[in-house]
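Peer 1: Coordinates for the following, if possible.
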Amino acid sequence: MRKTLTAREHWDRAFDYYWKGDRKRAIKEARLAMKLNPNYVRPHWVIGQVYLSTEPVDREAALKEFRELVRKDPHWVEGHFCLAATLMKQGRKAEALASYREELRLNPKRRWAQLEVS
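Peer 2: Alright, predicted model coming up:
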């Protein structure tokens, strides 16, 4: 009998596929994880990373994922970092600085955010 996977197991697979370079399967597994648990935010991170690391780079799609991640879990520092870094690459400095500031508010010791804000 085939075992039904949990949201966490789909996320684990998505993460593994991402690091193995299988971007399509990473997105598929991440979406399955979110379907099972719509409040699970880590899949948004991996999907955003896929969009940023696959040619052609799709920063708008990555931003959509990172914004949703931050909306669902405003306390995850890495989400704010990913959102800010992607906004900065698009030249959207005011929005990026707001995200970097939120990152620093959550964790004042984040060196990269300190550099970007200064």
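
Peer 1: Count the residues that sit near Gln90.
Peer 2: When neighbours are counted by other C-beta atoms under 10 Å, Gln90 registers 13. The C-beta positions use only the backbone N, C-alpha and C, and glycine is treated the same way.

Peer 1: Equivalent analysis for the one 10 residues further on, please.
Peer 2: In terms of burial, Tyr100 registers 26 neighbours under the definition other C-beta under 10 Å.

Peer 1: name the element it belongs to?
Peer 2: Here Tyr100 sits within helix 93-106, counting by DSSP states H and E.

Peer 1: now for that helix, which elements pack on it?
Peer 2: Packed against helix 93-106 by the contact rule (3 or more C-beta pairs under 8 Å, 6 or more residues apart in numbering; DSSP states H and E) you find helix 77-89, helix 111-117.

Peer 1: Can you lay out those as JSON lines showing mean neighbour count?
Peer 2: Output for the helices and strands packed on helix 93-106, formatted as JSON lines (neighbours: other C-beta atoms under 10 Å):
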{"stretch": "helix 77-89", "mean neighbour count": "22"}
{"stretch": "helix 111-117", "mean neighbour count": "14"}
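
Peer 1: Just want the most central residue of this protein.
Peer 2: Nearest to the mean C-alpha position of the chain, by C-alpha atoms, centre = their mean, lies Trp45 at 2.1 Å.

Peer 1: I figured that one was touching Gly79, is that so?
Peer 2: Yes: using C-beta atoms under 8 Å, Trp45 is in contact with Gly79, at 6.8 Å.

Peer 1: one step back: okay, and the residue nearest to the centre of the chain sits in which element?
Peer 2: helix 42-53.

Peer 1: counting contacts, what elements does that helix pack onto?
Peer 2: helix 7-20, helix 23-36, helix 59-72, helix 77-89.

Peer 1: tell me the angle of the shortest one relative to helix 42-53?
Peer 2: Read it as helix 77-89. 30 degrees (axes from the mean of the first three to the mean of the last three C-alpha atoms, to 10 degrees).

Peer 1: hmm, back to that, which residues do Trp45 and Gly79 both contact?
Peer 2: Between them, Trp45 and Gly79 share these contacting residues under C-beta atoms under 8 Å, 6 or more residues apart in numbering: 66, 69.
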